[in-house]
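Trainee: need a structure here:
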Amino acid sequence: MFWSLCYLVLRRLLQLAALRFRSDEFKELEIVVLRHELAVLRRQRDRPELSPADRVFLAAASCLLPRASWRSFFVTPATLLRWHRRLVARRWTYPGRVGRPPIAGEIRELVLRLARENPRWGYTRIAGELRGLGLTVSASLVRNLLRQAGLGPAGERAGLSWREFLRAQAQSMLAVDFFTVETVSLRRLYVLFYIELGSRRVHLAGCTPEPDGAWVTQQARQLAWTLSERATPIRFLIRDRDSKFTRDFDTVFRDEGVEIIRTPIRSPKANAIAERFVRTARSECLDWLLILNQRHLERVLRVFIQHYNGHRPHRTLNLRPPDPAHPTLQLASSARPPDLTRRDRLGGLIHEYGRAA
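Mentor: Numbering: from 1, shown residues only. Got it, this is the predicted structure:
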């Protein structure tokens with residue numbers, strides 16, 4: 001386009017230079033002939049096809065000629081003015097995007113995450129939380145992002161799910177249960193334990209061959225003495241309808257402000273977390289050992305529960321133990337693996353690994 005425009009301008013300049021050496025009569029005759037040719041062209045075609053170079057030349061020529069002489073152009077004055085405005089607009093157009101800058105994908109995902117995880121938060125509350133994180137986002141922008149994602153305001157979003165409700169209540173819930181172990185001499189021993197539903201921390205209450213209401217109540221008193229030291233108080237205790245859990249047992253916990261929740265009859269899944277610990281203790285420890293007596297069982301369970309609370313990873317806790325003995329280390333990726341040490345528990349039945357000093 002540039003070279004064609006230059007060629008057209010050069011031709012017109014040479015024609016103007018040639019006209020200076022011609023007489024006025026010859027110029028007037030040539031003008032009459034050109035106007036006649038233009039009239040013939042207009043009769044043959046309603047709308048002539050013009051190249052961009054033709055438009056530039058005609059628009060520039062219209063600035064040099066008076067408006068009364070525009071009748072000689074085969075386009076209307078409005079067309080000439082429109083072409084001229086386009087030239088001016090193209091001349092002063094700055095590069096870059098016009099309007100509000102786009103929203104980063106990270107901010108969009110963060111807004112949607114806060115809205116989904118906090119269904120009671122409104123637009124202003126979400127914008128204020130982002131401001132606390134160093135991100136300036138208006139409430140109207142939060143509203144537009146949520147509408148695009150199909151999420152409404154705080155009153156129309158999905159409420160608290162059962163999973164979220166149980167996880168929130170689990171931090172203040174405790175479960176208690178029995179399980180039995182057969183010794184080498186076929187003597188049955190009863191194991192009483194407590195497990196915290198939120199942290200999965202297990203407390204061994206004791207072992208006895210003949211559990212009764214008085215023994216169970218005494219074990220409950222020993223645990224209740226430690227409840228006041230907790231940062232998060234226990235509000236609920238889940239137990240089954242075993243007759244060994246007497247009225248005195250319930251009174252011990254009610255005096256501490258704990259509400260007793262009894263599971264339905266023959267419904268072990270109602271106390272599923274406690275039942276899951278029993279399965280883990282059997283499959284990882286008790287099924288691989290011969291228990292000699294009560295003392296031997298207490299020592300084995302103390303070691304296993306210490307391993308369960310302090311080292312064994314739990315899927316619910318994002319593969320972390322309830323009470324890690326050492327903080328989790330983030331290792332940099334390298335071709336050489338770190339030096340490890342192994343600690344054998346229960347005669348090598350359980351292995352615990354750690355980094356060498």
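
Trainee: Determine the number of other residues adjacent to the residue lying closest to Arg235 once chain neighbours are set aside.
Mentor: Spatial nearest neighbour of Arg235, excluding adjacent residues (CB to CB, 6 or more residues apart in numbering): Ser172 at 4.2 Å. Every C-beta, even on glycine, is put in place using the N, C-alpha and C of the backbone. Number of residues near Ser172 (other CB atoms under 10 Å) recorded here: 16.

Trainee: Enumerate every residue touching Ser172.
Mentor: With contacts defined as CB atoms under 8 Å, 6 or more residues apart in numbering, Ser172 is in contact with 198, 232-236.

Trainee: Where does the record place the domain boundaries for this protein?
Mentor: Under the assignment automatic domain parsing, the domains of the chain span 2-91, 105-148, 167-310.

Trainee: per-stretch mean pLDDT over the ones you listed, give me the minimum one.
Mentor: Among the domains of the chain, domain 2-91 carries the lowest mean pLDDT, at a mean of 65.

Trainee: mind listing the strands for the stretch 51-200 of the chain?
Mentor: 173-182, 188-196 (DSSP state E, counting those that start in this stretch).

Trainee: The ones you listed: which one's closest to Glu256?
Mentor: strand 173-182 (10.7 Å; CB to CB).

Trainee: Sheet partners, orientation included, of that closest one?
Mentor: Strand 173-182 sits in its sheet next to strand 188-196 (antiparallel), strand 236-239 (parallel), going by DSSP bridges.

Trainee: Let me have the ones you listed in a markdown table, extended by distance to Gly348 and mean neighbour count.
Mentor: Converted to a markdown table, the strands paired with strand 173-182 look like this (distance: least, CB to CB, whole Å; neighbours: other CB atoms under 10 Å):
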| stretch | distance to Gly348 | mean neighbour count |
| --- | --- | --- |
| strand 188-196 | 23 | 20 |
| strand 236-239 | 36 | 20 |
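
Trainee: how many neighbours does His203 have?
Mentor: Counted with other CB under 10 Å, His203 comes out at 17.

Trainee: Please disregard the earlier target; I meant Gly348.
Mentor: 8.

Trainee: gap between it and Ala224?
Mentor: According to CB to CB, to the nearest Å, Gly348 stands 37 Å off from Ala224.

Trainee: ditto for Arg125
Mentor: Using CB to CB, we find Arg125 at a distance of 40 Å from Ala224.

Trainee: do Asn144 as well
Mentor: 54 Å.

Trainee: Same question for Leu340.
Mentor: As judged by CB to CB, Leu340 and Ala224 stand 41 Å apart.

Trainee: can you check Leu290 too?
Mentor: Taken as CB to CB, the span from Leu290 to Ala224 is 35 Å.

Trainee: between these two, who's got more neighbours?
Mentor: Neighbour comparison, Leu290 and Ala224: the larger count goes to Ala224, with 15 against 9 (by other CB under 10 Å).

Trainee: Can you name the residues that contact the more buried one?
Mentor: With CB under 8 Å, 6+ apart, Ala224 has these contacts: 252-253, 255-256.

Trainee: swap in Ala274?
Mentor: Contact partners of Ala274, counting by CB under 8 Å, 6+ apart, are 175-177, 193, 195, 238.

Trainee: Among these, list the two that are farthest apart in space.
Mentor: Phe193 and Ile238 (12.8 Å).

Trainee: anything in contact with each of those two?
Mentor: Shared contacts of Phe193 and Ile238 (CB under 8 Å, 6+ apart): 176, 274.

Trainee: Now render the domains of the chain as TSV, adding distance to Pro321.
Mentor: Shown next, in TSV, are the domains of the chain (distance: least, CB to CB, whole Å):
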stretch	distance to Pro321
domain 2-91	69
domain 105-148	26
domain 167-310	6
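
Trainee: still on that earlier bit, now, among the contacts of Ala224, which is nearest to Thr217?
Mentor: Looking across the contacts of Ala224 and measuring by CB to CB, the closest to Thr217 is Val252, at 6.3 Å.

Trainee: Just give the number of residues close to that closest one.
Mentor: Neighbours around Val252, by other CB under 10 Å: 20.

Trainee: Quick check: which element contains it?
Mentor: Here Val252 is covered by helix 247-254, with elements defined by DSSP states H and E.

Trainee: any residues touching that helix, and which ones?
Mentor: Contacts for helix 247-254 (CB under 8 Å, 6+ apart): 213-214, 216-217, 220-221, 224, 237, 260.

Trainee: So which of the strands paired with strand 173-182 is nearest Phe304?
Mentor: strand 188-196 (11.1 Å).

Trainee: Give me the sheet partners of the helix or strand following that closest one and which way each runs.
Mentor: Going down the chain from strand 188-196, the next helix or strand is strand 202-208, by DSSP H and E. Strand 202-208 sits in its sheet next to strand 188-196 (antiparallel), going by DSSP bridges.

Trainee: got a list of contacts for the strand it pairs with?
Mentor: 173-183, 201-211, 216, 219, 223, 273-274, 277, 291, 294, 297, 301, 305, 322.

Trainee: Equivalent analysis for stretch 206-223, please.
Mentor: Contacts of stretch 206-223 (CB under 8 Å, 6+ apart): 178, 181, 187-192, 194, 203, 205, 243-246, 248-249, 252-253, 294, 297-298, 301.
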